[in-house]
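Undergrad: below is the sequence, then the predicted model.
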Amino acid sequence: LEEIVGSALNRLEKNLGDRPVTICLPDDLPLLWIDAVLLEQVLANLIENVIKYTPPNSPMDISAERLAASITVTVSDYGQGIPKGMEEKIFAKFYRLESDSLQSGVGLGLTLCRAIIEAHGGIIYARQQSPGAAFVIELPAHQQPPLNWHEALEA
Ligand SMILES: Nc1ncnc2c1ncn2[C@@H]1O[C@H](COP(=O)(O)OP(=O)(O)OP(=O)(O)O)[C@@H](O)[C@H]1O
Ligand SMILES: [Mg+2]
């Protein structure tokens, strides 16, 4: 996960400007059983939204947490957030909040995020914070492959 977060941030480095980014990943995170390219795309879409819909110097936090049966990854910001009752609508195809029509976009970023996360057996949802928006990804925790799996294959 650390690598994927890093490469998503790298990809958007220029657009992040001076925005303070706090990354909080626990040391004991297991390896994730996922398509790394697709998860990077999900994170990039969420980070791009923070860049588009919050003021230029507004901070962003990326954190992860390990729960019994899942791993949670949260991208949160301190912008205007999502108006009450719109938390699910913004995931619909081509749906954009009217207040954001000044920013370019087609309204597919979150739809794609949801399709990718659901293909991995997970869920993704938006939560209003005070202030700001949080996008939470919950991925199922799979059993870790043994670290010497290649030796087992060679035997
Ligand atoms: N972090 C956020 N803060 C406030 N509003 C947000 C945030 N993220 C998304 N939104 C709202 O949800 C809408 C849908 O987001 P989505 O990423 O699906 O589409 P988009 O950014 O408009 O276009 P694109 O297809 O280029 O991603 C956005 O138009 C915006 O109104
Ligand atoms: Mg978007």
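TA: Structure received. Ligands and ions are numbered 1, 2, ... in the order given.
Undergrad: tell me where the chain is predicted with low confidence.
TA: Within the chain, the set of residues satisfying pLDDT under 70 comprises 100, 144-147, 149.
Undergrad: near ligand 1, which residues of it? Just list them.
TA: The interface of the chain toward ligand 1, taken as Cβ under 6 Å from any ligand atom, is made up of 45, 49-50, 52-53, 77, 79-80, 82, 90, 95-97, 100, 105-111, 133. In short, each C-beta sits where N, CA and C put it, glycine included.
Undergrad: show me which of the residues you listed neighbour ligand 2.
TA: Checked against ligand 2 using Cβ under 5 Å from the ion, these yield the following neighbours: Asn49, Gly109.
Undergrad: of the residues of the chain next to ligand 1, buried ones?
TA: Burial of the residues of the chain next to ligand 1 was assessed by neighbour count (16 or more other Cβ atoms under 10 Å); the buried members are 45, 49-50, 53, 77, 79-80, 82, 90, 96, 109-111, 133.
Undergrad: adding secondary structure, write those out as JSON lines.
TA: Written out in JSON lines, the entries for these read as follows (DSSP: H, G, I helix; E, B strand; the rest coil):
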{"residue": "Asn45", "secondary structure": "helix"}
{"residue": "Asn49", "secondary structure": "helix"}
{"residue": "Val50", "secondary structure": "helix"}
{"residue": "Tyr53", "secondary structure": "helix"}
{"residue": "Asp77", "secondary structure": "strand"}
{"residue": "Gly79", "secondary structure": "coil"}
{"residue": "Gln80", "secondary structure": "coil"}
{"residue": "Ile82", "secondary structure": "coil"}
{"residue": "Ile90", "secondary structure": "helix"}
{"residue": "Arg96", "secondary structure": "coil"}
{"residue": "Gly109", "secondary structure": "helix"}
{"residue": "Leu110", "secondary structure": "helix"}
{"residue": "Thr111", "secondary structure": "helix"}
{"residue": "Ala133", "secondary structure": "strand"}
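Undergrad: alright, calling it a day.
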